[in-house]
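sequence and predicted structure are below.
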Amino acid sequence: MRGFVLFTVFLFIQFASLQAQDDPVFRKHDPREDPNINPFRNNRINPDSNLSINPSVNWNMNPLKDDQVNPMQNSSINPMINLNLNPQTNEVLNPVFMKSLQPSNRTWRGMFIFNDSNDLFGYISVATQNVMISFDNNGTWNGYFVKAGQMMYNYFTVPGVWTGMFLCYDNSSGFNLFDKSGKWTHIHIK
């Protein structure tokens, strides 16, 4: 019986993933369909080609170089201190309470996370202008992004620990994700 339940869950997840890719909203965000939003085909939104969107050069987008965008140095952008930014303490940001934030909600509208092969990797829900909720490709809540500057967001785990990772705006259609060292992970959000 347990095997049947696991198989049923697996089929549901596969169906939901295929259904998302057939959704016209998804297609507008699909970098495989639109080269303008594909950072591997559009140098303007590729931080390896466009240094103005690369935090290794543009220091005001880099929490390792600018204390104003570093949550360990700036308490106003640290959700462990500024609880208004923390989904664990602010129900308006918490997808457990706010079902409309969940990508499985039929009225959901958000952004899609793609990996370096342009495969669907997850989902982003904009909860407020300062907080975006992150989900994996199965729709499981796995963290959140807190706005730290005009062009970037820091990534936190569900409990509120800063991972060191951060998003930088690509000046066009979405964001690119950078690791703790400021290197582009090739993950992008559209």
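Now that the structure is in, tell me what you want to look at.

residue contacts, the closest residue to Asn60 other than its chain neighbours?
Spatially, and ignoring its direct neighbours in sequence, Asn60 is nearest to Asp66 (5.4 Å; CB to CB, 6 or more residues apart in numbering). Backbone N, C-alpha and C define where each C-beta goes, glycine included. Applying CB atoms under 8 Å, 6 or more residues apart in numbering to Asp66 gives the contacts Trp59, Asn60, Gly149.

go again with 10 Å.
By CB atoms under 10 Å, 6 or more residues apart in numbering, Asp66 lies in contact with Pro55, Asn58, Trp59, Asn60, Gln73, Asn74, Ala148, Gly149, Met152.

over to Ile189?
For Ile189, the contact set (CB under 10 Å, 6+ apart) comprises 29, 110-114, 121-124, 132, 134, 145, 153, 167, 169-170, 173-177.

number of residues surrounding the residue nearest to Ser75 when sequence neighbours are not counted?
With CB to CB, 6+ apart as the measure, Ile81 is the residue that lies nearest to Ser75, at 4.4 Å, once sequence neighbours are left out. Neighbour count of Ile81, defined by other CB atoms under 10 Å: 13.

settle this for me: Ile81 is touching Thr89, isn't it.
No: in this structure, Ile81 is not within contact of Thr89 by CB atoms under 10 Å, at 11.1 Å.

which residues do the two both contact?
When contacts are counted by CB under 10 Å, 6+ apart, Ile81 and Thr89 are jointly contacted by Gly160.

can you tell me the SS state at Asn138?
Judged by DSSP: H, G, I helix; E, B strand; the rest coil, the three-state class of Asn138 is coil.

where exactly do the strands run in the protein?
Read by DSSP state E, the chain holds these strands, from start to end of the chain: 111-114, 120-126, 131-136, 141-149, 152-156, 162-169, 175-178, 184-189.

which one of the ones you listed lies nearest to Arg41?
Closest to Arg41 of the strands of the chain, according to CB to CB: strand 184-189, at 11.7 Å.

and the angle for that closest one with strand 131-136?
Using axes from the mean of the first three to the mean of the last three CA atoms, to 10 degrees, the inter-axis angle of strand 184-189 relative to strand 131-136 is 100 degrees.

strand 184-189 pairs with which strands?
Partners of strand 184-189 in the sheet, by DSSP bridges, are strand 111-114 (antiparallel), strand 175-178 (antiparallel).

I'm done for today, thanks for sticking with me.
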